[in-house]
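[1] Give me a 3D structure for the following:
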Amino acid sequence: MINIKLPDNSIKQFPEGVTAMEVALSISEGLARNVLAAEINGEVCDASLPINSDSDLKLLTWNDKNGKAAFWHSSAHLMAEAIEFHYPGTKFGIGPNIEAGFYYDIDLGDKTISSEDFKKIENKMLEIARTKQKLIRKAISKKEAIEYFTKKGDEYKLELLEELEDGDITLYESGNFTDLCRGPHIPNTGSIKAIKLLNVAGAYWRGDEKRKMLTRIYGITFPKQKELQEYLELLEEAKKRDHRKIGKELELFAFSQKVGQGMPLWLPKGAQLRERLENFLKGVQKKAGYLPVITPHIGTKELFITSGHYQKYGEDSFRPIKTPNEGEEFMLKPMNCPHHCEIYKIKNHSYKDLPVRYSEFGTVYRYEQSGELHGLTRVRSFTQDDAHIFCTPDQVKDEFKGVMRIVMHIFKALDFKEFTTQISLRDKNNKEKYIGTDDNWEKAENAIIDVAKESKLNYTIEKDEAAFYGPKMDFMVKDALGRQWQLGTIQVDYNLPERFELEYVGKDNKKHRPVMIHRAPFGSMERFVAVLIEHCEGKFPLWLAPEQVKILPISEKYNKYAEKVCSYLNNYDIRGLIDDRNEKTSRKIRDAEIQKIPFMLIVGEKEESENTISVRKQSKGNIGTMEIDAFIEMINSEINNMIAE
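    Next up, the predicted model:
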C-alpha cells in the first residue's frame, strides 16, 4: 500500500499503481467527472498515470490554472484532428495551450484556411468531442517515432525528435490523430462543450524569420457554452479598450516603419503623461532615500559577459556594435543592472554606508521577432523605472518591505484595487538554466518567501519562473475586465555582486558581498501605460490626465471670460484648454467626452456675470454651478486623496 496526501493534508492508502482518477472516484463520482489532470509531487500529468510510491496529489479541475492548461492543450489536438479530416496531408508543427486558449502551427502545402473555414472545423471538433474520444498516452522509442513520422511525411515532427532523448518520447493518440507530445491531457474530449476558433495568422517555424512561414490558428474552448459567450463579450469590450486604438485617438504615441518596428514614438500628450508618472515615482523615491543616476545606452561586450547577460541573451540581442578599433565591441544595453554595479564599485563602502539605492529611468533594448511585437506591450526599445539596492544580508527584509510599500502606493494612486503576488523560484531539476550557487539561491528564495508571509500577502509560488540570476516577486494586477497583468517586480540577487566582485567592509573590519535587490514598480513605462490605458479605457486618473479640464464658451462672446478662467486654473497647475470653435455646445461636450477629458466647464452670460463656472464631469453629467476657487479645491482634494501615501 502507498500513502496519498491530498491538499487538505488528509492521507489515504491505496494499492501501488493507483491512478489519480481512481483516487478521485474513491472520493466521489462527481469529483471524478470534473478531473482534467493531476499534480503529483508538484508535476502535472495525466490523471490515468499510475502512482507507485508515497505521493502528494492534487486533482486538477477547470477551476485550476493547470487544469485549464490541460483542457486547452487537448483542445489543440482536437482542432488538429478536425483540420486533418478537412485538409488531408497537413503537416503539424507545435500546438500548445496559451494563457487563454491554444493554437496550432500547421503547413497546409498549397491549401489555405481563412476565417470563413472556421465553422466547418468547429463543427467537426464538436462532433468528435461528443464521442468522448480518449487521449491515449503511448511511450515509444526514438527509432519507432522517426519511422512513424517519416512514413507520414511530417518533417516538423522529425526535427523536434532530433532534440529528444530516447526513452523520453511519448505520442498521444486521439481517434485518427497521433501527435508527438509529452502531455498532459484530459481523460477524454467529452468535457469540451463550447468551441470557437478566433483568428488565423502567419508564424515562422520555431520563430525563425529565415524558416518557412506556417499558418497559425488560434482557438478557445470551454466546458459550458455560457462561459464561451462571456469570454466573447469580454473580447469585444477589450477591442474597445485596445491601447493601440485609444493611444491613436488620444494622440499619445505612434510607430514609424522608418524609425523601426517596436520603437515607440511618444507624442506630446503621451510624453507629458509619461513625464507625470516618472515625476510621481521620483518624488516617492526621493522620500525613500533613492539616489538618481544616469547611464549610457550602450556598454562594452565585456560588461555583459561579466554580468552573464551576453551568455543568456546574446543570440537574441541586437548585434554588437563594432568600432574602428580592432576588437572593440559595444552592445545596446538589455538591462541597467550591470551599469549600476559599476557605479557601486567606483568607491569603497562600509556597512555604515548601506543600504545604497540607485534609481534610473533607463532605456534598454531587446530584439523581439517582428511577429511577437504588439503595441506598447511588446517592443524592442523600452524604459524601465529601474532601481538597484545594495544592502547587507540583515537589511534585505526591510528593504524588500520598503519596495513593497512603494508598489502599493502606486497601485492606490492609479486605482488598481485587485492584485495578487507571484513568487517565482528556479527549477531545481534544471539548474543549468541559472547562474549562482545553490547556497545563494536558497538564501534569496527564503528571503522573499519570509517577507511574503510576514506581510500577509496573497501569494502563489511558481517554479521555473525565476530570472536567471535570482528569484523574484511579481505583482499580478487585475484590470477592469478581470484580466491579469504582471506589473512591477522585485528580485533578490546574490549572484551579480559576486560576478562584479562588489564589496563592503563589515563591522568585523572584513570584506563582505552586499546583497542586490532589483526593483521596477512600473516594470516598463511602455507596458505600464498600455495596461493603464486599457484598464481605465483612456479615462486616466485626474492627476495623470493630459488635459484635466476643457472650457466650453457657449458662444464667441464669452471667449474672453473662458481665457480668464483658463489662465486662473493654470496658475494653480490645473491643465486646461479652451474649445472656442464655432460649434454648438452639445457638439463640444460630445467631443470632450470622446477625448476623455475629466471635466468640462461651460461658461456663458450667467457664469461671466457671477464669476462662476458650470461643471460637467466625464461620464457623469452636470454636477452644478460653482465658484472657480471651489472647483480648484474640489480637484485638488480629489487628487490628494489618490496620491497621498
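[2] and the end-to-end length of stretch 377-384?
    13 Å (Cα to Cα, to the nearest Å).
[3] roughly how far is that stretch from the heart of the chain?
    12 Å (Cα atoms, centre = their mean, to the nearest Å).
[4] T306 - nearest residue in space that isn't next to it in sequence?
    R499 (5.7 Å; Cβ to Cβ, 6 or more residues apart in numbering). C-beta coordinates here come from the backbone N, C-alpha and C atoms, glycine included.
[5] need the contact list for the one you found.
    306-308, 435 (Cβ atoms under 8 Å, 6 or more residues apart in numbering).
[6] Widest-spaced pair of these?
    T306 and I435 (11.4 Å; Cβ to Cβ).
[7] biggest helix in the chain, by residue count?
    helix 65-86 (DSSP state H).
[8] Could you measure from the residue nearest to H349 when sequence neighbours are not counted over to K352?
    Nearest residue to H349, sequence neighbours excluded (Cβ to Cβ, 6+ apart): Y504, at 4.1 Å. Y504 is 9 Å from K352, where distance means Cβ to Cβ, to the nearest Å.
[9] And for I551?
    Relative to K352, and taking Cβ to Cβ, I551 is found at 56 Å.
[10] Lowest-scoring secondary structure element of the protein by mean pLDDT?
    When the helices and strands of the chain are scored by mean pLDDT, DSSP states H and E, helix 309-313 comes last with a mean of 79.
[11] What's the first helix or strand after that one?
    strand 321-322 (DSSP states H and E).
[12] Quick one: mean pLDDT for that next one?
    In this model, strand 321-322 has a mean pLDDT of 88.
[13] Partner strands of that strand, with direction?
    strand 329-332 (antiparallel) (DSSP bridges).
[14] any chance you could map the strands in the stretch 51-200 of the chain?
    If DSSP state E, counting those that start in this stretch is used as the criterion, the strands of the stretch 51-200 of the chain fall at 55-60, 91-92, 97-98, 101-107, 136-139, 170-174, 177-180, 194-204.
[15] Point out the most buried one among the ones you listed.
    Mean neighbour count (mean count of other Cβ atoms under 10 Å) peaks for strand 101-107 among the strands of the stretch 51-200 of the chain, with a mean of 23.
[16] thinking again about what came up before, contact partners for the residue nearest to H349?
    Y504 touches 349-351, 353-354, 390, 392, 511-512, 514, counting by Cβ under 8 Å, 6+ apart.
[17] That one bridge partners, please.
    Residues in beta-bridge contact with Y504 (DSSP bridges): H512.
[18] Check it and give its pLDDT.
    pLDDT at Y504 comes out at 97.
[19] and if you look at the one 4 residues further on?
    You'll see D508 listed with a pLDDT of 95.
[20] and it, how many neighbours does it have?
    8 (other Cβ atoms under 10 Å).
[21] now do K68
    So K68, with other Cβ under 10 Å, has 22 neighbours.
[22] I'd guessed it sits against W62; true?
    Yes: using Cβ atoms under 8 Å, K68 is in contact with W62, at 6.4 Å.
[23] For the stretch 101-250 of the chain, which segments are assigned as helices?
    118-129, 142-152, 155-162, 225-241, 243-249 (DSSP state H, counting those that start in this stretch).
[24] Among those, single out whichever gets nearest to R211.
    helix 155-162 (9.9 Å).
[25] contacts for that closest one?
    Against helix 155-162 from outside (Cβ under 8 Å, 6+ apart): 91-94, 107, 142, 145-146, 149-150, 169, 179-180, 205.
[26] Tell me what angle that helix forms with strand 101-107.
    110 degrees (axes from the mean of the first three to the mean of the last three Cα atoms, to 10 degrees).
[27] residues of helix 155-162 that come out buried?
    For helix 155-162, burial by neighbour count (16 or more other Cβ atoms under 10 Å) applies to 156-158, 160-161.
[28] What is the nearest of those residues to S370?
    Nearest to S370 among the buried residues of helix 155-162, with distances taken as Cβ to Cβ, is Y156, at 21.3 Å.
[29] low-scoring pLDDT stretches of this protein, where are they?
    Residue ranges of the chain with pLDDT under 70: 315-316, 645.
[30] Quick check: I589 is in a helix.
    Yes: counting by DSSP: H, G, I helix; E, B strand; the rest coil, one finds I589 located in a helix.
[31] Quick check, N495 in contact with A466.
    No: look at N495 against A466 with Cβ under 8 Å: they stay out of range, at 11.2 Å.
[32] those strands in the stretch 451-600 of the chain, which residues are they?
    459-463, 472-478, 484-493, 504-505, 511-512, 515-520, 549-553, 576-578, 599-603.
[33] Now render these as TSV, adding distance to T300.
    Output for the strands of the stretch 451-600 of the chain, formatted as TSV (distance: least, Cβ to Cβ, whole Å):
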stretch	distance to T300
strand 459-463	35
strand 472-478	27
strand 484-493	21
strand 504-505	25
strand 511-512	26
strand 515-520	21
strand 549-553	50
strand 576-578	48
strand 599-603	52
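[34] Looking at those strands, which is nearest to F102?
    strand 484-493 (18.2 Å).
[35] Can you list the buried residues in that closest one?
    Applying 16+ other Cβ under 10 Å to strand 484-493 flags 485, 487-493 as buried.
[36] Confirm that E302 sits in a helix.
    Yes: counting by three-state DSSP, E302 is found in a helix.
[37] Neighbours of it, how many?
    13.
[38] any idea how far Y344 is from it?
    Counting by Cβ to Cβ - E302 and Y344 are separated by 18 Å.
[39] now do H535
    36 Å.
[40] ditto for E399
    15 Å.
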